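> the amino acid sequence is not available; the structure is as follows:
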């Protein structure tokens, strides 16, 4: 099993990266700019420029009073923190503004409280092959909005199998929780449409991606 660590998102010059406890992930209630910090923690340090650009692009639309924790995810031995939900104001699925945003911004918007906005953002990044995009796509299989789940399931042929296989191998407990969420939503809302659990799109996709990791 890979041992993960999360490095400081903004280390000072000459200062070594430091390990932090994974339970500290999330929007810091004591930070003056919690969204900016959450944006930086949501991506590996290697794409800090994109993460900072995303924070700058989206800050005018974020409701920083809406606080939710983040999900720690391991990528290549480093921990990132994918926000559970972000609340945007003045940004909609029909907005032309979405077309000019960078991929890191689209990743963050997949965590929006607005389901249509999440779905539109997903369509911008679902075929992006970078390892830092994959966690944002994978977690959507635990969605209750079936149209989003179906979009991810239908995109399986274009996903980079090696990227998602590595993501699963490094995050077995997270994938187990994702499966439990998908099963819960199937049981609560979609059992009538998919009497056989194995036919539920979210579980179909999780099954397939886990097979890639064998």
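Sure, I can see it. Treat the numbers as computed from the prediction; the structure is a model and nothing was measured. Numbering: from 1, shown residues only.
> just for the protein, where's the confidence low?
The model of the chain has pLDDT under 70 over residues 1-3, 5-32.
> other SSEs contacting the top helix by length along it?
Scanning the chain for the longest helix, with DSSP state H as the assignment, gives helix 172-185. On a contact count with 3 or more CB pairs under 8 Å, 6 or more residues apart in numbering; DSSP states H and E, helix 172-185 meets strand 70-75, helix 201-212. All C-beta spots, glycine's among them, are computed from the backbone N, C-alpha and C.
> give me the contacts around it.
If you take CB atoms under 8 Å, 6 or more residues apart in numbering as the criterion, helix 172-185 is touched by 1, 71-73, 138-139, 141-144, 149, 168, 197, 200, 202-203, 206, 210.
> isn't residue 148 up against residue 122?
Yes - counting by CB atoms under 8 Å, residue 122 is a contact partner of residue 148 at 6.3 Å.
> what touches both of those two?
Common neighbours of residue 148 and residue 122 (CB under 8 Å, 6+ apart) are residue 140.
> ok, and the closest non-adjacent residue to the residue nearest the centre of the chain?
The chain has residue 136 as the residue nearest its centroid, 2.4 Å off, counting by CA atoms, centre = their mean. The shortest distance from residue 136 to any non-neighbouring residue, by CB to CB, 6 or more residues apart in numbering, is to residue 107 (4.3 Å).
> A helix includes the one you found, no?
Yes - using DSSP: H, G, I helix; E, B strand; the rest coil, the secondary structure at residue 107 is a helix.
> about what we covered before: now render the helices and strands packed on helix 172-185 as a markdown table, adding distance to residue 55 and mean neighbour count.
Supplementary listing: the helices and strands packed on helix 172-185 in a markdown table, determined by distance: least, CB to CB, whole Å; neighbours: other CB atoms under 10 Å:
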| stretch | distance to residue 55 | mean neighbour count |
| --- | --- | --- |
| strand 70-75 | 14 | 22 |
| helix 201-212 | 29 | 19 |
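> tell me how far the residue nearest to the centre of the chain lies from residue 198.
26 Å (CB to CB, to the nearest Å).
> with residue 155 instead?
Taking CB to CB, one finds residue 155 at 20 Å from residue 198.
> what's the neighbour count on the residue nearest to residue 73 when sequence neighbours are not counted?
Of all residues not flanking residue 73 in the chain, residue 135 sits nearest, at 4.5 Å (CB to CB, 6+ apart). Residues within reach of residue 135, counting by other CB atoms under 10 Å, total 24.
> which residues touch residue 135?
73, 75, 80, 82, 167.
> next: residue 82.
Taking CB under 8 Å, 6+ apart as the criterion, residue 82 is in contact with 42, 70-71, 73, 111, 135-136, 139.
> which one of these is nearest residue 36?
residue 42 (10.9 Å; CB to CB).
> ok, the closest one touching residue 86?
No - Residue 42 lies out of contact with residue 86 (CB under 8 Å); the separation is 9.7 Å.
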